[in-house]
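Enquirer: Curious how this folds, go ahead:
(one chain, ligands or ions: 2)
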Amino acid sequence: MSQPALPLSGRCRCGEIELRISARPILTMACHCGGCQRMSASAYSLSAAIPAAGFAVTRGEPVLGGLRNPDLRHFFCPSCMSWMFTRPPGVITRFLPEFVNVRATMLDDVSWFSPFVETWTRTRLPWVTTPAVHGYPEFPPVEDYAMLLAEFAKTPAAGQARETA
Ligand SMILES: [Zn+2]
Ligand SMILES: [Zn+2]
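Expert: Ligands and ions are numbered 1, 2, ... in the order given. Now for the predicted structure:
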C-alpha cells in the first residue's frame with residue numbers, strides 16, 4: 001500500500017460515468033459476502049472509503065442497482081452496468097464521518113491500493129487470500145470502526161503525516 005496521488009480519476013467500463021477523488025481514503029476493504037460476489041461477478045469486492053466531500057461524479061448520471069435498498073445505495077453505470085460506488089447505511093455513518101465506498105478498480109491508478117480490512121470471511125472462497133491486516137467473519141462490530149480508522153490513518157495510503165510535514 002502506497003500513497004495515492006490526488007486527485008484520482010476513475011471511470012466505468014464504457015466511460016459514460018467519470019469520477020474524481022480529491023481526498024485520501026479513511027479505510028480500504030475487501031468484502032467476501034454473497035452480495036458482493038454476485039454484484040462484482042468475482043470472488044470479492046474492493047472498496048476505498050472516501051470522505052464524501054472528496055468524492056464527485058464528474059460525468060454522467062449513475063443509477064441505483066443491487067437490491068435498491070434506500071439505506072444502502074449501490075450506484076452503477078446505466079450503460080455498461082459497472083458497479084461503481086456505494087453510499088453506506090445510516091447505521092454506519094453514525095459512527096464515522098460521511099463517506100462513499102468507491103470500488104477501487106474503477107480508478108485509473110489503483111497501484112496504491114490494498115485492502116486493510118476484509119469482511120465476511122465466513123463466505124470467503126476457500127482458495128482466496130488477501131493481504132488484509134484485520135479480518136471479520138461478517139461485518140465489523142460498529143465499536144471497532146474507531147480503532148480500524150485510527151490504525152489505517154497510520155498507513156501510507158492515508159498519507160496524513162507526510163502531507164502536513
Ligand atoms: Zn459505463
Ligand atoms: Zn459485501
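Enquirer: Ligand 1 contacts on this protein?
Expert: 12, 14, 16, 77, 79, 80 (CB under 5 Å from the ion). Where you see a C-beta, it was placed from the backbone N, CA and C, and this is true even at glycine.
Enquirer: which residues does the third one contact?
Expert: Think residue 16. Residues in contact with residue 16 (CB atoms under 8 Å, 6 or more residues apart in numbering) are 59, 60, 77, 78, 79, 80.
Enquirer: could you check the distance from the first one over to residue 114?
Expert: Distance check for residue 59 against residue 114: by CB to CB, to the nearest Å, it reads 28 Å.
Enquirer: Have a look at the two and say which one is more surrounded.
Expert: residue 114 (18 against 13; other CB atoms under 10 Å).
Enquirer: Assign the more buried one to one of the three secondary structure states.
Expert: Of the three states, residue 114 takes coil under DSSP: H, G, I helix; E, B strand; the rest coil.
Enquirer: show me where the chain has strands.
Expert: For the chain, strands defined by DSSP state E occupy the ranges 8-11, 18-21, 27-31, 45-51, 55-59, 63-69, 72-76, 83-87, 99-103, 117-119, 134-135.
Enquirer: Throw these into CSV and include mean pLDDT, thanks.
Expert: Shown next, in CSV, are these (pLDDT from 0 to 100):
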stretch, mean pLDDT
strand 8-11, 98
strand 18-21, 98
strand 27-31, 97
strand 45-51, 97
strand 55-59, 98
strand 63-69, 93
strand 72-76, 94
strand 83-87, 96
strand 99-103, 96
strand 117-119, 98
strand 134-135, 98
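Enquirer: ok, the spatially most central residue of the chain to ligand 2 distance?
Expert: In the chain, the residue lying closest to the centroid (CA atoms, centre = their mean) is residue 47, at 2.0 Å. Applying CB to the ion, to the nearest Å, the value for residue 47 to ligand 2 is 9 Å.
Enquirer: Just confirm that residue contacts residue 99, I think it does.
Expert: No - Residue 47 lies out of contact with residue 99 (CB atoms under 8 Å); the separation is 9.8 Å.
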